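Engineer: pasting the structure only:
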């Protein structure tokens, strides 16, 4: 069964850093692109970043560009999101989501984790 | 950025009713739209991709259609377990924007 599980959330002070992890199982991790999507309390979904299957191609939302870094370790079947210079606007549940294809473009997100809460306060 | 709008923002219908949710893109995105269902406190669930392709395991009462700038998600016969918020998303071009969501209630 395909599964992804996020970890690393918590309460962090403004301007500090935090790294989120996403552990995966049940599929060939290195074949697929991955996304991070976040949801502020009571709000809608916001796409954050995407990484290709080989880690070579990455794109970010303007709201996090230059502060967040998405990367992956295909030897560990794991995805990461390094977050820096955090502010209250980054408070949200962060979801890791598997793309249907290797690039993350023109496809859906077919497997989602339960999310990890990040509170900047 | 491509802006995705959805309407209605909420809908209340009876069990067995047909429910239609519309998503409009600010520019043409061919058929690169996906739909997700989210229940309170849970992660989104993938329903439809490429505008009209049903994800494996999704009940056949769900269907998607559309191309260009206008897309619809239809629930042909609403069931109690269908309550939640439905989001559309475009993956045609960066950033991959979501619609604001449509809340579905059962009367």
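Structural biologist: Now that the structure is in, tell me what you want to look at. As the structure is a prediction and not an experimental result, all values here were calculated from the model.
Engineer: so residue A:16 is in which element?
Structural biologist: Applying DSSP states H and E as the criterion places residue A:16 outside every helix and strand.
Engineer: what residues does chain A put near chain B?
Structural biologist: A:35, A:37, A:44-47, A:50, A:59, A:61-62, A:95, A:97, A:100, A:104-115 (C-beta under 8 Å from any C-beta of the partner chain). Yep, even glycine has a C-beta here, placed from its N, CA and C like the rest.
Engineer: Strands - which of these land there?
Structural biologist: A:35, A:37, A:46, A:47, A:50, A:59, A:95, A:97, A:109, A:110, A:111, A:112 (DSSP state E).
Engineer: Surely residue A:67 and residue A:82 touch.
Structural biologist: No - counting by C-beta atoms under 8 Å, residue A:67 sits too far from residue A:82 to count as a contact (9.2 Å).
Engineer: Identify the residues contacting the residue most central in space within chain A.
Structural biologist: For chain A, the residue sitting closest to the mean C-alpha position, by C-alpha atoms, centre = their mean, is residue A:36 at 2.7 Å. Taking C-beta atoms under 8 Å, 6 or more residues apart in numbering or on different chains as the criterion, residue A:36 is in contact with A:20, A:48, A:49, A:50, A:68, A:70, A:79, A:81, A:94, A:95, A:96, A:97.
Engineer: same thing with residue B:107?
Structural biologist: B:12, B:13, B:14 are the contacts of residue B:107 under C-beta under 8 Å, 6+ apart.
Engineer: Residue A:2 contacts residue A:111, correct?
Structural biologist: Yes - between residue A:2 and residue A:111 there is a contact under C-beta under 8 Å: 4.8 Å.
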